[in-house]
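Student: from the sequence below, what's the structure:
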Amino acid sequence: MKEYQNRLTKADIIKNQLSTVVFRNQRKKKPDIFWCRPSSAVVSTIVSKGVDHRRQLCPLSSAAKQILTKHKKQKNMGKIKYDFYKNPDNKEGKLKSEYHIRVCGQQTISTKGIIELIHNASTLTPADINAVIFAFQDEIANQLAKGNIVKLEGLCNFNISLKSANGTCTGKENGKGIVVKSVNINPEKEFTERVKKLAAENGMEKVIARHSDTITDEKVDEILTNYFRTNKAITRTKLQDICSTTRYMAMQQIKRLTGSGKLVNVGFENHPLYIPTPGSFGTKEE
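Tutor: I've put the predicted structure just below:
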């Protein structure tokens, strides 16, 4: 029992199940055990002083209720936001639909974020989770570097493809003339079905996203002319913001403007920063 108490250093929701909550009362020598419906994950784990709690239903304390409420809110905050986008002109009749659907408002969940989520839903420490992730990375890379296929059951398959080092394959290359082209990741059917099921449970939410179908090149030029009256440079993100457009369309506009010589990149390839060329967008000519 003492060993069990030492492991309960915080509120714990075991295996991400709402049915069982274990909350430690620091004023008592033993932990308080609160059940709303006994979970099979814990049935064989907790038997306190010979008292079998498997069939016992106890009222939840206020602290345990707060944990449940918080966890339920976190689980429910996952609706997929979407909007409809009109397809390009369908003159040849190849497209069946006039519109297509896009996911909107996506957020990038970092490794740190995933670790925190797993930590909050289990008894694993962030250090433990982080160590496992790095161990996975190292071993998967090691196996792929040997030409093996890595299969993570229920998740995905990893494999590599090769190419000639000079870009053109003659069929006479030796080992040094062949390099890894890419690492390919293919999700397992079971994992895809699991995502579909969870998405259906979370639901979908229609939103009004940024559409750029109606903005013209002339309108973009007008917006940039006003912008460069008080600013010297612009990024893709800023152009996307001031034109209320999508990332893709912002990149298309930058490609158009750099191609026509109205904008020039004075930054780095991975971190571009664009300025107007002399005479463009109301700037003075040299």
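Student: I would like the residues contacting the strand or helix carrying Phe191, please.
Tutor: Here Phe191, judged by DSSP states H and E, is contained in helix 189-202. The contact list for helix 189-202, computed with C-beta atoms under 8 Å, 6 or more residues apart in numbering, reads 76, 78-80, 154-156. Where C-beta positions appear, they are placed from N, C-alpha and C, glycine not excepted.
Student: any idea of the mean pLDDT for that helix?
Tutor: Per-residue confidence for helix 189-202 averages out to 94 on the pLDDT scale.
Student: before we move on, what about stretch 266-282?
Tutor: Here the average pLDDT along stretch 266-282 is 88.
Student: which parts of that stretch are buried?
Tutor: Residues of stretch 266-282 classed as buried under the neighbour-count rule (16 or more other C-beta atoms under 10 Å) are 272, 274-277, 280-281.
Student: ditto for stretch 165-175
Tutor: Using 16+ other C-beta under 10 Å as the burial criterion, the residues of stretch 165-175 that qualify are Glu173.
Student: now what about that stretch, what contacts it?
Tutor: Contacts to stretch 165-175, defined as C-beta under 8 Å, 6+ apart, come from residues 163-164, 176-179.
Student: using PDB, list the CA coordinates for it.
Tutor: Coordinates of each C-alpha in stretch 165-175 appear next as PDB, following Å, rounded to 0.1, in the frame of the first residue of the first chain:
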ATOM      1  CA  ALA A 165      23.200  10.800 -57.000                       C
ATOM      2  CA  ASN A 166      23.500  12.900 -60.200                       C
ATOM      3  CA  GLY A 167      19.700  12.800 -60.900                       C
ATOM      4  CA  THR A 168      19.900  10.700 -64.100                       C
ATOM      5  CA  CYS A 169      19.900   6.900 -63.800                       C
ATOM      6  CA  THR A 170      22.000   5.100 -66.400                       C
ATOM      7  CA  GLY A 171      21.800   1.600 -64.900                       C
ATOM      8  CA  LYS A 172      25.600   1.600 -64.400                       C
ATOM      9  CA  GLU A 173      25.800   3.400 -61.000                       C
ATOM     10  CA  ASN A 174      27.800   1.800 -58.200                       C
ATOM     11  CA  GLY A 175      26.900   2.100 -54.500                       C
END
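Student: for the protein, which spans come out with low pLDDT?
Tutor: Counting by pLDDT under 70, the chain shows low-confidence ranges at 1-77, 88-95, 209-214, 286.
Student: scan it for its longest helix.
Tutor: Using DSSP state H to assign secondary structure, the helix with the most residues in the chain is helix 126-144.
Student: which secondary structure elements does it contact?
Tutor: The contact analysis (3 or more C-beta pairs under 8 Å, 6 or more residues apart in numbering; DSSP states H and E) places helix 126-144 against helix 111-120, strand 150-152, strand 156-164.
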